[in-house]
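> need a 3D model of the sequence below.
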Amino acid sequence: MRILFVHPNYHSGGAEIAGNWPPAWVAYLAGSLKSAGFDDIHFVDAMTNDLPEDALRARIREIAPDIIGTTAITPAIYEAEKVLKIASEEAPDALRVLGGIHATFMYKQVFSEALEVDVIVRGEGEEIMTELAQTVAEGRWPEDRRKVKGLAFREGDKIVATQAASTVKNLDGIDPDWSLLEWEKYIYVPLNRRVAIPNMARGCPFTCSFCSQWKFWRDYRVRDPIKVVDEIERLVNDHDVGFFILADEEPTINRKKFIKFCEELIARGLPEKVQWGINTRVTDIYRDRELLPLYRKAGLVHVSLGTEAAAQLKLDQFNKETKVEENKEAIRLLREADIFVEAQFIVGLDNETPETLEETYRMAWDWQPDLANWAMYTPWPFTPLFHELGDKVEIFDFSKYNFVTPIMAPEAMTRGELLNGVMKNYRRFYMQKALFHYPWRGTGYRRKYLLGCLKAFLKAGFERKFYDLGKANYWGPQSKDKVNFNFDRTRKIAKAQMDDWEAAADRASQARARRKALDTSFKMPEGREAREPIKACGGGTQQMEDV
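Numbers count the residues shown, from 1 in each chain. Next up is the predicted model:
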């Protein structure tokens with residue numbers, strides 16, 4: 001049986017300005033399928049190759065798959081649906097499968113707008129996709145589709161979701177097949193080296209209200225650090241990878257395993273061949289201040305910190321459980337350890353003003369990270385904050401949910417003024433860095449890396465790809481009143497999806513009422529005081545145990 005995976009051709013001018021990123025989902029799914037005996041697997045990366053529709057049609061006809069699968073984060077959903085529409089015309093007998101975080105939570109929306117989608121994989125794909133493929137290969141599809149956990153599909157006019165599949169418990173049993181990728185095309189621009197995105201852990205124990213990762217992965221699991229280093233060593237030796245970014249939300253959560261990971265990289269001499277970066281929380285850097293030299297010795301050169309917002313009010317709204325003063329200290333600690341630090345700011349909520357934008361700039365310059373990034377708040381439609389915002393979200397064109405387009409309309413600013421304020425922050429920050437910092441500070445490696453980052457920014461700006469400026473017709477402050485974000489305002493939340501949300505809200509309300517009844521009926525024994533709830537490791541004194 002022949003299986004074809006297609007990565008949809010979506011571009012937004014965000015993270016991709018730093019390079020072309022290898023679609024790790026393909027490697028992990030293909031590895032599980034090959035372990036189960038499926039070895040006729042093909043991959044088309046329509047995004048990296050910027051494949052036009054006619055070329056994609058030709059490739060699908062040529063490969064003639066029995067199953068064709070694609071995936072989508074929220075902004076790529078329409079391109080993913082288009083892939084399966086093309087497949088319905090060029091390989092009409094193939095089973096058309098959609099996976100990824102958007103389809104997992106929005107499957108009723110997807111089925112309401114895309115008739116070409118046959119089946120949706122809900123949740124982690126390795127085990128579900130393998131069981132689905134076995135069902136097809138054995139001729140039991142569609143008769144036995146209700147027996148496969150973690151699927152959604154149509155039965156006539158009805159949308160059916162089977163029982164949720166459990167998360168993948170044996171992460172160490174997954175052996176990704178990275179050979180399907182065109183490695184010469186995945187280049188990290190700042191270093192001009194091949195880049196990979198391996199996975200060390202899945203899940204996150206924290207519940208930031210703007211994030212959906214903790215909902216998708218459900219429980220937090222960490223792979224054996226030795227197995228992860230084995231995988232990285234193969235990427236280096238077999239595919240000449242010179243830089244990698246751990247895909248984890250926060251790889252430093254499990255301190256003991258992260259230390260073991262670093263020690264194993266050093267023991268094998270890999271830092272001489274490959275450097276790497278991570279995203280993590282301010283509080284973990286604060287906690288690990290004495291370990292930062294070890295992390296740097298292991299090849300960690302870039303840390304992106306979710307400082308998120310300059311105003312403590314916003315940090316509280318996001319449920320980040322961090323303090324503004326901790327952000328500045330974490331950045332100082334990283335720079336002293338010779339680790340490049342990138343500060344991430346979220347802007348563009350309904351309470352954004354010119355003054356709060358200016359405040360984020362002043363704080364960014366005061367904190368002195370090596371890099372700063374201002375991301376537009378993107379209210380994922382399956383996160384708590386999206387539903388709390390209610391009518392304040394009036395754009396449902398998901399192709400614009402990309403961190404560079406202002407989905408929210410601030411009460412005190414137009415969207416054009418918001419974009420102009422963000423661009424003003426970028427111009428000031430990087431102009432000063434380019435003139436007075438990058439060429440003159442630190443070692444040769446530091447200068448090379450930071451100038452490489454500046455090159456990536458300038459290249460994307462010159463090509464009008466940065467922040468989708470070309471598509472929005474932004475040319476500077478003089479054009480802020482003429483910006484057009486080209487929202488498709490005909491797109492709405494489907495009735496089936498809305499009904500599902502309302503039912504979920506009713507269930508949540510009933511659960512809260514039951515908990516409140518239990519709380520009021522339970523009395524502490526005399527002489528004992530109720531303990532305060534333990535916060536996530538971002539809050540105060542508590543950290544995750546090394547287990």
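
> beta-bridge partners for I120, please?
Beta-bridge partners for I120, by DSSP bridges, are L98, A152.

> ok, it to E155 distance?
13 Å (Cβ to Cβ, to the nearest Å). From N, CA and C alone the C-beta is placed, and that goes for glycine too.

> more crowded one of those two?
The residue with more neighbours, out of I120 and E155, is I120; 25 against 10, by other Cβ atoms under 10 Å.

> quick one: the helices in the stretch 301-450 of the chain?
312-317, 324-336, 354-367, 384-389, 415-436, 444-462 (DSSP state H, counting those that start in this stretch).

> adding distance to L115 and mean neighbour count, write these out as JSON lines.
Converted to JSON lines, the helices of the stretch 301-450 of the chain look like this (distance: least, Cβ to Cβ, whole Å; neighbours: other Cβ atoms under 10 Å):
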{"stretch": "helix 312-317", "distance to L115": "39", "mean neighbour count": "16"}
{"stretch": "helix 324-336", "distance to L115": "47", "mean neighbour count": "18"}
{"stretch": "helix 354-367", "distance to L115": "43", "mean neighbour count": "17"}
{"stretch": "helix 384-389", "distance to L115": "26", "mean neighbour count": "16"}
{"stretch": "helix 415-436", "distance to L115": "33", "mean neighbour count": "18"}
{"stretch": "helix 444-462", "distance to L115": "36", "mean neighbour count": "16"}
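
> so which of the ones you listed gets nearest Q510?
Among the helices of the stretch 301-450 of the chain, the nearest to Q510 by Cβ to Cβ is helix 384-389 (16.3 Å).

> now that closest one, how far from the chain's geometric center?
19 Å (Cα atoms, centre = their mean, to the nearest Å).

> tell me the mean pLDDT for that helix?
Averaging pLDDT along helix 384-389 gives 80.

> in this protein, which helix or strand is least confident?
Within the chain, no helix or strand scores below helix 312-317, which has a mean of 49 by mean pLDDT, DSSP states H and E.

> and the helices of the stretch 301-450 of the chain: which comes nearest D54?
Judging the helices of the stretch 301-450 of the chain by Cβ to Cβ, what sits closest to D54 is helix 444-462, at 27.0 Å.

> what sits against the residue lying closest to P190 once chain neighbours are set aside?
Spatial nearest neighbour of P190, excluding adjacent residues (Cβ to Cβ, 6 or more residues apart in numbering): G452 at 3.2 Å. Residues near G452 by Cβ atoms under 8 Å, 6 or more residues apart in numbering: 189-192.

> and A161, how many neighbours?
A161 has 14 nearby residues by other Cβ under 10 Å.

> my guess is it contacts R154. True?
No: with contact taken as Cβ atoms under 8 Å, A161 and R154 are classed as non-touching, separated by 10.9 Å.

> which non-adjacent residue is nearest S35?
Excluding its sequence neighbours, the residue lying closest to S35 (Cβ to Cβ, 6+ apart) is D175, at 6.3 Å.

> which elements pack onto the longest helix along the chain?
Taking DSSP state H as the criterion, the chain has its longest helix at helix 495-521. Under the contact definition 3 or more Cβ pairs under 8 Å, 6 or more residues apart in numbering; DSSP states H and E, helix 495-521 sits against helix 107-113.

> show residues contacting the helix it packs on.
So helix 107-113 is contacted by 77, 81, 98, 102-103, 117, 120, 122, 152, 154, 159, 161, 381, 493-497, 499-500 (Cβ under 8 Å, 6+ apart).

> one more time with 10 Å, if that's ok
The contact list for helix 107-113 (Cβ atoms under 10 Å, 6 or more residues apart in numbering) reads 72, 77-78, 80-81, 84, 98, 102-104, 106, 117, 119-122, 151-154, 159-161, 381-382, 396, 398, 491-501.

> which among those end up buried?
For those, a burial check counting by 16 or more other Cβ atoms under 10 Å picks out 72, 77-78, 80-81, 84, 98, 102-104, 106, 117, 119-122, 151-153, 159, 381-382, 396, 398, 491, 494, 497, 500-501.
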